[in-house]
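the sequence and its predicted three-dimensional model are supplied below.
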Amino acid sequence: MYDFVQILGIKRQLSLVFLVLLGISCVQNKTKREEIIEDVEEALKPPYYLKGYEHYGLEPQIDGGTIRASKAAYQWYRDATFGMFIHWGVYSVEGKHEWEMQRNKWQIDDYEDLAPKFNPTEFDAKEWVSLAKEAGMRYMVITSKHHDGFALWDTQQGDWNIMDRTPYKKDIIKALAKECQKQGIAFGLYHSHLDWHHPEYYPRGYTSKGWDNGRPDSGDIDKYLDYMNAQVAELSSGEYGPISSWWFDGVWDIKEGVDWRMKETYDIIHKNLPHSMIGNNRFSVPQFGEDYQVFERSLPGHDTYEANTKEVSEYPLESADTMNKHWGYNAKDKDFKSPKQLLHYLIRAAGINGNLLMNVGPPPSGKFQPEVIERLKAIGQWNRKYGESVFKTRGGPMAEQTWGVMTQGKEGGKTYLHILDDPKKKFLDIPVTGKVTKVTLFDGGQEVPFTLNGHLQIDLSAVVLDDIDTLLIIEKEGELLQVQL
Ligand code: JFZ
């Protein structure tokens, strides 16, 4: 076991080894990295959103050669519960799909012509962050780079980015990072390993089968990974504040024969930002220094989409899903989930200890669609009234049921029963046992009769069910235990 001070003790060698490994030639970068790694106090300073979490531990967790984010960050992440995912890039100009480049087999030259058309003059960081906050979201995760390789920040790695190729010429990532800090919510990034634009991304993955987009038929993926790691180093240098979480994606494109050097990438992040939570959408439990488990379009363990694993780890969990059918902006997709469906998703996630990262795909103007704003506001309205039953809680002790879930506040906090779908029963059997003293309706405090006979049975005959969530508070002495029914 090493401790953080020991790790920092070999800081100089580490920074040098890194610089060589990364092939960073940019002098500016080198200074920034060395500054951060050498300044122990700076590295251990809690980011703004970790206020009140310091006592859980601010050192990165080190297990053998693997570095993971601090315990404070893990706790915060489990409490955060609800975040906004944002897929945005030059593809929004076409208004079809974030995979538009690949789906319609674009030539790189033609695709690059979308960049001059990307001029989101109506983008207002303050408005986006305010809306996320109003919905009750505690963090935001935006695509710094999606599969088309386009960088939404002022990267020094090449010119395929917002500054060099668009009339907009403003660093969107920095604007949002600053605004999140100002308004007190955390800020994270989605970053794609898969790249349809970089010439050294070779061998090509399965998404490039039958699609010659104009790149040479050769390349060295290690050069591409040096480039990607240099980008990650820029984004984790401190220039963009404390990145609360990372959502990596795309290693599934090349399944064999490539070493993605994931541990190396994650070490760059964790050594610079010891509170940065790393996740990777690669359908497995966390490895190599990853901090949370990602589930795409499914609740943890539900396995409703693609290759998601059913294996649920002990790490913090997160489920990511769309508000309509698409991640990136699709002009025709009006198939939005209702506020009720979205709230059920959030409450069910909380009941099984997962966060919900809910996606928004903004149009190229930069203004959220009215349908999106309406939903964010409706969710916020519910959260302002009932949010204590979802945020900072943990799931259980009852395992999720078809009709609902249970949540409980940490450290002696209240226990909640969420009846989400009509159980179509007068007496509801709850598979828990313990000293229940009182059951009341959250709304109005009406007492609800119950019996305890090996398990808890609640008499619903006098309860008027709520359309979204019939929320009950279960008062008890001591702990409740899950039992088999
Ligand atoms: C990925 C991205 O491809 C998608 O564009 C979006 O960013 C989403 C959040 O994450 O989704 C996937 C991941 C894997 C596959 C397909 C879509 N896959 O293995 O075919």
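Received the coordinates, thanks.

from now on I want contacts and neighbour counts done on CA atoms only, so please keep to that.
Will do.

just the strands in the stretch 201-350 of the chain please.
Using DSSP state E, counting those that start in this stretch, the strands of the stretch 201-350 of the chain run over 243-249, 277-281, 293-296, 317-322.

just these: most buried one?
Among those, strand 293-296 has the highest mean neighbour count (mean count of other CA atoms under 10 Å), at a mean of 29.

which other residues reach it?
The contact list for strand 293-296 (CA atoms under 8 Å, 6 or more residues apart in numbering) reads 279-286, 305, 308, 312-313, 315-321.

ok, now which ones touch the closest residue to the ligand within the stretch 301-450 of the chain?
Closest contact between the stretch 301-450 of the chain and the ligand, by CA to the nearest ligand atom, is at residue 327 (5.9 Å). Contacts for residue 327 (CA under 8 Å, 6+ apart) come out as 86, 87, 97, 98, 359, 360, 361.

same check on residue 55?
For residue 55, the contact set (CA under 8 Å, 6+ apart) comprises residue 72.

sorry, back to before: same for the ligand: which of the contacts of residue 327 are within range?
The subset of the contacts of residue 327 within reach of the ligand, by CA under 6 Å from any ligand atom, is residue 98.

quick one: which of the contacts of residue 327 is nearest to residue 109?
Nearest to residue 109 among those, counting by CA to CA, is residue 98 at 17.5 Å.

how near is that closest one to residue 118?
According to CA to CA, to the nearest Å, residue 98 stands 14 Å off from residue 118.

name the residues of the lengthiest strand in the chain that are buried.
Secondary structure of the chain per DSSP state E: the longest strand is strand 470-482. For strand 470-482, burial by neighbour count (16 or more other CA atoms under 10 Å) applies to 470, 471, 472, 473, 474, 475, 480, 482.

using TSV, lay out these together with pLDDT.
Shown next, in TSV, are the buried residues of strand 470-482 (pLDDT from 0 to 100):
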residue	pLDDT
470	98
471	98
472	98
473	98
474	98
475	96
480	95
482	96
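
quick one: which of those residues is nearest residue 241?
For the buried residues of strand 470-482, the nearest to residue 241 is residue 471 (38.3 Å; CA to CA).

thought the closest one was touching residue 441?
Yes: the pair residue 471 / residue 441 is scored as a contact, 6.2 Å apart, by CA atoms under 8 Å.

show me what residue of the stretch 151-300 of the chain gets nearest to the ligand.
In the stretch 151-300 of the chain, the residue that lies nearest the ligand is residue 252 (5.7 Å; CA to the nearest ligand atom).

pLDDT at the closest residue to that residue other than its chain neighbours, what is it?
Residue nearest to residue 252 in three dimensions, not counting chain neighbours: residue 282, with 6.3 Å by CA to CA, 6 or more residues apart in numbering. Residue 282 carries a pLDDT value of 86.

neighbours of residue 282, how many?
Summarising burial for residue 282: neighbours were counted as other CA atoms under 10 Å, giving 20.

for it, list the residues it contacts.
Shown in contact with residue 282 (CA under 8 Å, 6+ apart): 249, 250, 251, 252, 294.

list phi and psi for it.
Per-residue torsions, residue 282: phi -130, psi 30 (degrees, to the nearest 10).

before we move on, the earlier item: and the buried residues of strand 470-482 as CSV, adding distance to the ligand?
CSV is the format used below for the buried residues of strand 470-482 (distance: CA to the nearest ligand atom, whole Å):
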residue, distance to the ligand
470, 32
471, 31
472, 34
473, 35
474, 37
475, 40
480, 37
482, 34
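
redo those as a markdown table? Include distance to residue 380.
Converted to a markdown table, those look like this (distance: CA to CA, whole Å):
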| residue | distance to residue 380 |
| --- | --- |
| 470 | 17 |
| 471 | 17 |
| 472 | 20 |
| 473 | 21 |
| 474 | 24 |
| 475 | 27 |
| 480 | 30 |
| 482 | 31 |
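
and the helices in the stretch 51-200 of the chain?
71-80, 100-103, 108-112, 125-135, 162-165, 172-183 (DSSP state H, counting those that start in this stretch).

now the end-to-end length of stretch 317-337.
Stretch 317-337: ends 22 Å apart by CA to CA.

wait, residue 262 sits on residue 288?
Yes: if you go by CA under 8 Å, residue 262 and residue 288 touch, sitting 6.8 Å apart.

turn the strands of the stretch 201-350 of the chain into TSV, including distance to residue 152.
Below are the strands of the stretch 201-350 of the chain laid out as TSV (distance: least, CA to CA, whole Å):
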stretch	distance to residue 152
strand 243-249	15
strand 277-281	20
strand 293-296	23
strand 317-322	21
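
worst mean pLDDT among the ones you listed?
Looking at the strands of the stretch 201-350 of the chain, the lowest mean pLDDT belongs to strand 293-296 (a mean of 92).

which residues does residue 277 contact?
68, 69, 73, 74, 77, 244, 245, 246, 290, 291, 292.

if we use 10 Å, what do you get?
Applying CA atoms under 10 Å, 6 or more residues apart in numbering, one finds that residue 277 lies in contact with 68-70, 73-74, 77, 188, 243-247, 266, 269-270, 289-292, 316.

domains for the chain, by residue range?
Using automatic domain parsing, the domains assigned to the chain come out as 4-68, 74-392, 396-482.

worst average pLDDT in those domains?
Taking the mean pLDDT of those, domain 4-68 comes last: a mean of 62.

returning to what we had before: now the helices of the stretch 51-200 of the chain as CSV including mean neighbour count and distance to the ligand?
Shown next, in CSV, are those (neighbours: other CA atoms under 10 Å; distance: least, CA to the nearest ligand atom, whole Å):
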stretch, mean neighbour count, distance to the ligand
helix 71-80, 22, 19
helix 100-103, 17, 10
helix 108-112, 15, 17
helix 125-135, 19, 18
helix 162-165, 19, 19
helix 172-183, 19, 17
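
would JSON lines of the ones you listed with distance to residue 143 be doable?
As requested, those are exported to JSON lines (distance: least, CA to CA, whole Å):
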{"stretch": "helix 71-80", "distance to residue 143": "19"}
{"stretch": "helix 100-103", "distance to residue 143": "16"}
{"stretch": "helix 108-112", "distance to residue 143": "18"}
{"stretch": "helix 125-135", "distance to residue 143": "15"}
{"stretch": "helix 162-165", "distance to residue 143": "13"}
{"stretch": "helix 172-183", "distance to residue 143": "9"}
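
wait, which of those is closest to residue 466?
Between residue 466 and the helices of the stretch 51-200 of the chain, the tightest spacing by CA to CA is seen for helix 125-135, at 20.4 Å.

got the buried residues for stretch 333-340?
Buried residues in stretch 333-340 (16+ other CA under 10 Å): 336, 339, 340.

pull the number of nearby residues for the closest residue to residue 399 other than its chain neighbours.
Excluding the flanking residues, the one nearest residue 399 by CA to CA, 6+ apart is residue 405, at 7.0 Å. Applying other CA under 10 Å, we find 24 residues neighbouring residue 405.

quick check, residue 405 in a strand?
Yes: Residue 405 forms part of a strand when assessed by DSSP: H, G, I helix; E, B strand; the rest coil.

how many residues are close by residue 259?
So residue 259, with other CA under 10 Å, has 12 neighbours.

with residue 235 instead?
22.

for it, give me its contacts.
144, 153, 154, 155, 173, 174, 189, 229, 241, 242, 243, 269.

residue 309 is in contact with residue 283, isn't it?
Yes: here residue 309 reaches residue 283: they are 5.4 Å apart, a contact under CA atoms under 10 Å.
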